[in-house]
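1. pasting the sequence and the predicted coordinates here, then a few questions.
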Amino acid sequence: MQDLFPLLNAAFDFALGGVAVVPSHYPVPRGEHPCSGALVLECSCGNLWCATPARHLIGAYRLDDASTAAADVCRRWMAHPDGNIATPAGLLFDSVQFHDPGDPEQVLAWLEGHGVTVGPVLQAGPGSLEFLVKPGPIRVPQTHGTLTYVGHGALVLLPPSRTVGDDVLAWLRPLEAELPPGDPLVDALAQLPDPLDRL
Ligand SMILES: [Zn+2]
């Protein structure tokens, strides 16, 4: 049977599992690219210059409104059936966003081969990984431009949220995996060799 409300159902499952969720803006079609004909997406907030497209809360919602109550989830996603699923960082986990041109599974294999514990991992499109870690704070090496630490006061998007790049978030390692501490993971990512040197 076709899943008519995939985001509502997923949000409900997260809430049942104790992960507080709140609706985020999401990608909407803006038109076709004049040259390639490809679909162009923009943030549902309607601001062409949105700084965090499809990654900020809808309307008056705040991170404090994130809820595990079934009634809240049903009401909110019935009102916003395409809403991305956000959860506040710093409650159950923080995240480390990592952008890398290499094969994601090779990145994970390299980390695990070097004794680094990898917990739940999200993929948000080509080259974009997000590692969930124990709530911080953690130190992020200042010199490494591809690492972004997402901690208290920020949000983490959960699958099947979508990006304006027309990608759907997916788990590379499941949410059930044990959360590792963030510092060893970040230190290891900062030392990750070039893609051809990881084998
Ligand atoms: Zn926006």
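-> Everything's here; your move.
2. quick one: which helix or strand includes the closest residue to Leu8 other than its chain neighbours?
-> Of all residues beyond its chain neighbours, the one nearest Leu8 is Trp77 (3.8 Å), with distances taken as C-beta to C-beta, 6 or more residues apart in numbering. In this view, the C-beta of every residue, glycine as well, is placed from N, C-alpha and C. Using DSSP states H and E, Trp77 falls within helix 70-79.
3. buried residues, that helix. List them.
-> In terms of neighbour count (16 or more other C-beta atoms under 10 Å), helix 70-79 has its buried residues at Asp72, Val73, Arg76, Trp77.
4. from Ala71, how far off is the last one?
-> What that stands for is Trp77. Going from Trp77 to Ala71 by C-beta to C-beta, to the nearest Å gives 11 Å.
5. chain neighbours aside, what residue packs nearest to His33?
-> The nearest residue in space to His33 (C-beta to C-beta, 6+ apart) is Val40, at 5.4 Å.
6. that neighbour looks like it's in a strand, true?
-> Yes - under DSSP: H, G, I helix; E, B strand; the rest coil, Val40 sits within a strand.
7. what about the nearest residue to Pro141 once chain neighbours are set aside, how many residues nearby?
-> Nearest residue to Pro141, sequence neighbours excluded (C-beta to C-beta, 6+ apart): Ala190, at 4.5 Å. By other C-beta atoms under 10 Å, 15 other residues sit near Ala190.
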